[in-house]
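1. Okay, here's the prediction I keep looking at, along with the sequence it came from:
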Amino acid sequence: MVFRVLPILLLAGSLAACGSDPDTTAAATGQGGQSSLGGPGGGAGGVGAGQGGVNARPGSQEELAATIGDRVFFVTDSASVGADQRPVLDRQAGWLQQYRQVTVTMEGHSDERGTREYNLALSQRRANAARDILVSQGVAGSRISAIGFGKDRPASLGSDEQSWAQNRRAVTVVR
């Protein structure tokens, strides 16, 4: 019995190990190139922006993340969307105009520094700022909710500038 199961387990393990493409894994986990702010994706449109051959359902979170970019990054202690991050939100607005049935939640985040209360307020301001830009681009406000998570949902678990830069973000999540 063990001799029949062992080859199957070895084959399954081999296939699982071979099935991990670094580019796909980076896009799925929200990690990629560096922005001018030190965060992933950045001014070029976020994670996976502009990749051809995306195999995602139109109007899905996967398509948004892979073709447009689903996040913008902020400098320390700021809720202002930088000029280098604005194009990502402009492209998101166009995408949302294309998929008028899609509703999204703008999630604001902060790094681990500061008090819980401060980070919750800052992350809410970040979510609101990103939402306001989408609304100013013609997306109906009723389609976008905004919530701040503070430092409770880090994208990176390190306690260094690179990790903090990845955590200072607003992420557009398709509902």
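-> Structure's in. What do you need?
2. which stretches of the protein have low pLDDT?
-> For the chain, applying pLDDT under 70 flags the ranges 1-54.
3. what comes into contact with the helix or strand where Glu63 lies?
-> Remark: Glu63 resides in helix 61-63, with elements defined by DSSP states H and E. Outside helix 61-63, the residues within contact range by Cβ atoms under 8 Å, 6 or more residues apart in numbering are 54, 56-57, 70, 173-174. Every residue, glycine included, has its C-beta placed from N, CA and C.
4. Okay, helices next: where are they in the chain?
-> Along the chain, the segments classed as helices by DSSP state H run 2-18, 22-29, 61-63, 86-98, 116-136, 161-167.
5. Val174: what's its closest spatial neighbour, skipping adjacent residues?
-> Of all residues not flanking Val174 in the chain, Gln61 sits nearest, at 4.2 Å (Cβ to Cβ, 6 or more residues apart in numbering).
6. Count the neighbours of the one you found for me.
-> The tally of other residues near Gln61 (other Cβ atoms under 10 Å) stands at 17.
7. Could you tell me which of the contacts of helix 61-63 are located in strands?
-> Using DSSP state E, the subset of the contacts of helix 61-63 located in strands is 173-174.
8. Would you confirm that Arg153 contacts His109?
-> Yes: contact criterion Cβ atoms under 8 Å: Arg153 and His109 qualify, at 6.1 Å.
9. Among the contacts of helix 61-63, which pair sits farthest apart?
-> Using Cβ to Cβ, those span at most 17.7 Å, a distance reached by Val54 and Val173.
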